[in-house]
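In: I'd like to go over a predicted model; first the sequence, then the structure.
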Amino acid sequence: MNYPDALAYLNGLQRFGIRLGLENTRRLAEAFGHPEECFRSIHVAGTNGKGSTAALVNGILRAAGFRVGLYTSPHLLDFRERILVDGRPVGAQELAALTSEVAAVIDRLFAPSPLSSPTFFEAATALGFLQFARAGVDWGVIEVGLGGRSDATNILRAEVSVITNIGLEHQEHLGDSLESIAEEKAGIIRDEGWVVTAAEGAALEAIGRIARQKGAHLVTVQDEYRVVHLGRSAQGEIFRLGGRLREYEDLRIALMGRHQVTNAVTAVAVAELLEEKGTAVGELAIREGLASARWPGRLQVVPGHPRILVDGAHNPAGIAALRAFLEEERPAGHMTIIFGVLKDKAWDQMLRTLAPLASTIILTRPESNRGAEPRLLAAVASGDYARVIVAETMPEALAIARDLAASEDTILATGSLYTAAAALRALGFISLF
């Protein structure tokens, strides 16, 4: 099996859709001798910011001298972005060999009942755990795919569970209230374990209740950390932090947006908790790890004139954070927004949040069979705010936006990680790491 064959095999598993539950992952893990038990782990759930937080924790642990595996989803340009070891994607030939092994085990275990075959995400999770075990990582920083309690990654015995925040998402799988969604995500909390969260309100109450039921120790970022935002440079955000172990002056992250400061504080809370438990991290590693962490496709600036921003905000909370950044930054000139969204998202609310900031909105279709039809979105986007244009593809949308924009203007591509990926691909990016 070569790399294209491996991708074809994995993508073929998409036909099984989303199937929550741990049975398939446990069977795969058992067949490979439980690779997830070969490394210590941090498990990260949440509605928004879990990928950024995982990347920041990864940066801190690497700066502290550990060999670290980072497992995230979805990928933007290349499947191998999901499985990083010390900041580098798994090699194409290596992934092909691993996929061949996993495919053989799937054929053996599930042939009698092919409809129960592992899903794309279950197979990807098995690949990640197997790669990390064979690479000899000290730590795995593992992002939850969907929810928490029944997510394929939840076979881990994580040393620290992280829940970034809670918003309404995937209600068909997780429930229709913040409390029910919080309860699902809090399913990653281990009995008598440690959990860090930046959640607030009713969601925090639900997380706290489950933590108490499991005898777990809860660290609440909003209550136990004091943050002063000091400003923004061309490279990212600058802030001062009062932590549980020490005071931090002039911390810097190479990520844009105040919401990323919250993610960074959550990562510091994880690092300090590990220190309290005896892991050598230290202030220097925290500083260096925060400053070095990268997370493409999230308020990523593509230099040039006009300036292009690419952001994978894909739900109302993410779009609200994006709007807050734009209102605070006040970009010069006019803004053209390229918007593509999945049809199961609250796209009308997302559009109405962004529309007042735009002089022009270009609606396009994400590169996904779940993408919303842009012509159906046009009626919502039109009105008093901006002119609306429909473009069937991202290259067409970018060409229109560039024709409309003056050199001092800004073009923003957002609405979905699929939209962010399409924009980066159209702009000539072939690799992100």
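Out: Here it is on my side, so go on. Bear in mind the structure is a predicted one, so any value in this text is a computation, not a measurement.
In: which non-adjacent residue is nearest Arg387?
Out: Leaving aside its chain neighbours, Arg387 sits nearest to Thr360 (5.3 Å; criterion: C-beta to C-beta, 6 or more residues apart in numbering). For the C-beta atoms, the positions are set from N, CA and C on the backbone; glycine is no exception.
In: the one you found bridge partners, please.
Out: Taking DSSP bridges, one finds Thr336, Arg387 as the beta-bridge partners of Thr360.
In: isn't it up against Arg402?
Out: No: Thr360 lies out of contact with Arg402 (C-beta atoms under 8 Å); the separation is 11.7 Å.
In: skipping its backbone neighbours, what lies nearest Leu7 in space?
Out: For Leu7, ignoring the flanking residues on the chain, the nearest one in space by C-beta to C-beta, 6+ apart is Phe79 at 6.1 Å.
In: show me what contacts the one you found?
Out: Leu7, Leu10, Leu95, Ala124 (C-beta atoms under 8 Å, 6 or more residues apart in numbering).
In: kindly recompute the last result at 10 Å.
Out: Contacts for Phe79 (C-beta atoms under 10 Å, 6 or more residues apart in numbering) come out as 3, 6-7, 10-11, 73, 89-90, 92, 95, 99, 120, 124, 127.
In: also Glu30?
Out: By C-beta under 10 Å, 6+ apart, the contact list for Glu30 reads Val105, Leu109, Ile155.
In: check which helix or strand it maps to.
Out: helix 23-31 (DSSP states H and E).
In: now do Val44
Out: With DSSP H and E as the test, Val44 turns up in strand 40-45.
In: check Arg352 too.
Out: With DSSP H and E as the test, Arg352 turns up in helix 347-354.
In: who touches that helix?
Out: Residues from elsewhere that reach helix 347-354 (C-beta under 10 Å, 6+ apart): 313-320, 322-323, 326, 335, 337, 339-341, 346, 358, 361, 363, 372, 376-383, 385-386, 388, 412, 414-416.
In: can you report phi and psi for the residue nearest to Asp138 when sequence neighbours are not counted?
Out: Nearest residue to Asp138 in three dimensions, chain neighbours excluded: Phe66, at 4.2 Å (C-beta to C-beta, 6+ apart). The phi/psi pair for Phe66 (degrees, to the nearest 10) reads phi -90, psi 150.
In: where's Phe66 relative to Ala285, distance?
Out: Distance, Phe66 to Ala285, by C-beta to C-beta, to the nearest Å: 9 Å.
In: before we move on, the earlier item: which among the contacts of Phe79 end up buried?
Out: 3, 6-7, 10, 73, 89-90, 92, 95, 99, 120, 124, 127 (16 or more other C-beta atoms under 10 Å).
In: in helices, which of the residues you listed fall?
Out: Tyr3, Ala6, Leu7, Leu10, Ala92, Leu95, Thr99, Phe120, Ala124, Leu127 (DSSP state H).
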